[in-house]
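**Student:** Sharing a model prediction with you, sequence too.
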Protein chains: 2
Amino acid sequence: MSVSRRGFLTGAAGVGGVAVGAGAARVLAGNDDGETRTAATPPPSDVVSFYGDHQAGIATPAQERMVFASFDVTTTARADLVELLKSWTEAGAHLVKGSPVGAVAGHPMAPPVDTGEAEGLAAANLTLTVGFGPSLFDRRFGLEQRRPAALRELPALPGDELDPDRSGGDLCVQACADDAQVAFHAVRNLLRLGRGSVVMRWCQLGFGRTSTTSRSQSTPRNLMGFKDGTNNIRAEDTADLSGFVWVGQGSEPAWMRGGTYLVARRIRMLIESWDRDRLEDQEAVFGRQKVGGGPLTGTNEHDKVDLAAKGPDGMPVIATNAHIRLAAPSENGGRKILRRGYSFTDGMDPLTGQLDAGLFFVSFQNDPETFVRLQRRLGASDALNEYIKHVGSAVFACPPGVRPGGWWGQGLFG
Amino acid sequence: MSVSRRGFLTGAAGVGGVAVGAGAARVLAGNDDGETRTAATPPPSDVVSFYGDHQAGIATPAQERMVFASFDVTTTARADLVELLKSWTEAGAHLVKGSPVGAVAGHPMAPPVDTGEAEGLAAANLTLTVGFGPSLFDRRFGLEQRRPAALRELPALPGDELDPDRSGGDLCVQACADDAQVAFHAVRNLLRLGRGSVVMRWCQLGFGRTSTTSRSQSTPRNLMGFKDGTNNIRAEDTADLSGFVWVGQGSEPAWMRGGTYLVARRIRMLIESWDRDRLEDQEAVFGRQKVGGGPLTGTNEHDKVDLAAKGPDGMPVIATNAHIRLAAPSENGGRKILRRGYSFTDGMDPLTGQLDAGLFFVSFQNDPETFVRLQRRLGASDALNEYIKHVGSAVFACPPGVRPGGWWGQGLFG
């Protein structure tokens, strides 16, 4: 069952709502239920709730497609930034229901209030997740004292080959949905609402999920042909979510409690080299079997990874530089991250004539340092490094979820 | 119901097949039914037949996603090119069933025969459509005399702003499927089989269909928010397919009978400008209503377009420069084309900071001149030109369909 979009030119609500703020980013709140269903109708199964203690799009079962956008703020007026976040929140609450972004009051000659390409499409489990980059916390907006200590640009990491034009940003929006056009539509309309306040810095389309964040999902394969994320944190792992993902209720700053930190890495795979490698070596690189996904010390995908096991030759079955050994929580002080990445291809790399494809890695953790430590090990020693390059990088503080009437970042600015 | 992939490391067939050709492009034919179903099982509903009078992916109901690749041939040996086409045909017949590309005989140390990222995914209605560019018909392969007279590089057209790195090519593969990873996997594995014989020239991912090629489908919207392809040729329109799409049985050259010509145009939309335009103007540009898709002279999407209708002011209701007027068959000598395009976004244009997004236009017609005449009119006068740029262009001759035991281009080379 899915929502049918209506009235994308004039807003879903029959009766005009209340204007929020002023300027280019003006948006009206529609009637929450619009015309598409009544209070007696159960919520459609492809709508993810916009409101909650945490932002959606983190512990939400990973959708099939992603559009990730990073923005630079161009206004220097704090009030404009606040208006932007309010208008994005209003629009987001409509978008995730499969409704248009909202109505502009009293402007018959105005452009349509929604760009329209998602009209007729389902809500497709759209989620929108907003984050604040370290560069936002500067004098422009009087936020120097409000930056979380944990939020710093990531340090240089072993093997980094970062493109500054695919890295960083003041703000991010992660749009995930089961329909790429729905995710694109959301980012495009937020960009449109932000005109005059933000410009896009970079944008990444992900065409297939490479992680699993719910026990209801099977493990997908990445572009190396291996199952990815077998031991990922799932929405059902509430202790892991509390321990490793959500910023705790006793933590500072207070406005981040219930939030988390997002790390994004554009990882180019050198797939032409990988595809020439023989199976035994590919499996040794990961420490897992390619078909079934089981560890080299087991049979089935979810069999325990035995890092101590030795072969007849006395050597570790899972090599000392195997990816799953270096990435294992037991080798990283017990720390875990929640991965939520997507496969990408951006056509051909004109420099090499090879496919520009790989993994857009996204992880959530309550301290970005967990990722930094992990990547320091991986970047220095991982057997996989022969076949990958980290070419983009960003870190964002994702505030907690929004309550009805609230807005993204209210705790920071309010 | 969908096929489950099996044995992507060793080939689907329990018994080794017959080696086809030699060299890097060696592929074995598996047992056609593999291990995934028996003869008594009906074919899965998400498998499009690989064989037939015409290639699949043309009159096939348009799938949701596309990966389009253009290749330059690097070998100068005609035998290598023939081997390549045979190996692509063999692999294609496996891929569209959701099976791995095939097995390499007797090489236990060889790389896996399939890259594996589609293992576990459905067949997803994958189709593979192959075409030959004008540049293939040269002395390298002794094909100078076999070039169809209709196959020439497209002439310069009004408003062209073509990027040579996104244009042309000796060969093309259009992979369409309802799962982007399935389409990507197919192109990647054909590229891999072609190593040493071809290099990729350019590649385009399409994330959502913008056309309808069957009466069973509803009309999708392009990124301008308008329904696209309302009057497109459908698979059910057999007279139009015979008259305008398929090269007829009396036509020359004989090897193209049952084939067609593919025109690809990467059309960038200047969506930031478009999004600032008011609704009335957007509708005047197309000559259609945005929400319902009906012509400005009607109400419902499929109402007749009345180009003669005049408003109270004596002016045509559908403007003289409206897109649907200029593109109407009645204004183009009655000629039609079959459109099969996809929306794309390739992130941000670093030169302008705007979204690099638009329509990857693909049309099929039995004479590319039909497209040329149409685009000459549109490029010169279309009100839409303010909001679009043609930045890539290519034309290919698509040979007829393959029969079991045959191969793509057999009529040309055989």
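**Tutor:** Nice, I can see it. Residues are numbered from 1 along each chain as shown, chains lettered A, B, ... in the order given.
**Student:** CA only for contacts and neighbour counts going forward, please
**Tutor:** OK.
**Student:** Residue ranges in the stretch 51-200 of chain A under the pLDDT threshold?
**Tutor:** Judged by pLDDT under 70, the stretch 51-200 of chain A has its weakly predicted residues at A:103-110.
**Student:** got a list of what residue A:266 touches?
**Tutor:** A:166, A:358-361, A:390-393 (C-alpha atoms under 8 Å, 6 or more residues apart in numbering or on different chains).
**Student:** Any residues of the stretch 301-414 of chain A in contact with chain B? List them.
**Tutor:** A:345-348, A:353-354 (C-alpha under 8 Å from any C-alpha of the partner chain).
**Student:** ok, now with 10 Å
**Tutor:** Those residues of the stretch 301-414 of chain A that sit near chain B, judged by C-alpha under 10 Å from any C-alpha of the partner chain, are A:343-350, A:353-357.
**Student:** How about exporting stretch A:187-198 as PDB, limited to the C-alpha atoms?
**Tutor:** These are the backbone C-alpha positions of stretch A:187-198, laid out as PDB (Å, rounded to 0.1, in the frame of the first residue of the first chain):
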ATOM      1  CA  VAL A 187      17.300  16.500  -2.500                       C
ATOM      2  CA  ARG A 188      16.400  18.700  -5.500                       C
ATOM      3  CA  ASN A 189      13.600  20.300  -3.700                       C
ATOM      4  CA  LEU A 190      15.600  20.900  -0.600                       C
ATOM      5  CA  LEU A 191      18.300  22.500  -2.800                       C
ATOM      6  CA  ARG A 192      15.600  24.600  -4.400                       C
ATOM      7  CA  LEU A 193      14.300  25.800  -1.000                       C
ATOM      8  CA  GLY A 194      17.800  26.600   0.000                       C
ATOM      9  CA  ARG A 195      18.500  28.900  -2.900                       C
ATOM     10  CA  GLY A 196      20.200  32.000  -1.700                       C
ATOM     11  CA  SER A 197      21.300  30.300   1.500                       C
ATOM     12  CA  VAL A 198      23.300  27.300   0.400                       C
END
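**Student:** wait, residue A:284 sits on residue A:382?
**Tutor:** No. Counting by C-alpha atoms under 10 Å, residue A:284 sits too far from residue A:382 to count as a contact (11.1 Å).
**Student:** Overlap in contacts, those two.
**Tutor:** Residues within reach of residue A:284 and of residue A:382 at once, by C-alpha atoms under 10 Å, 6 or more residues apart in numbering or on different chains, are A:320-324.
**Student:** Now do residue A:351, the pLDDT please.
**Tutor:** Note on residue A:351: pLDDT of 82.
**Student:** and what of residue A:222?
**Tutor:** The model reports residue A:222 with a pLDDT of 96.
**Student:** Same question for the one 4 residues further on.
**Tutor:** Taken from the predicted model, the pLDDT recorded for residue A:226 is 96.
**Student:** Also the one 4 residues further on?
**Tutor:** The predicted local confidence for residue A:230 comes out at a pLDDT of 90.
**Student:** repeat for residue A:347
**Tutor:** So, for residue A:347, pLDDT stands at 89.
**Student:** Top of the contacts of residue A:266 by number of neighbours, please.
**Tutor:** Counting neighbours by other C-alpha atoms under 10 Å in any protein chain shown, residue A:360 leads those with 28 neighbours.
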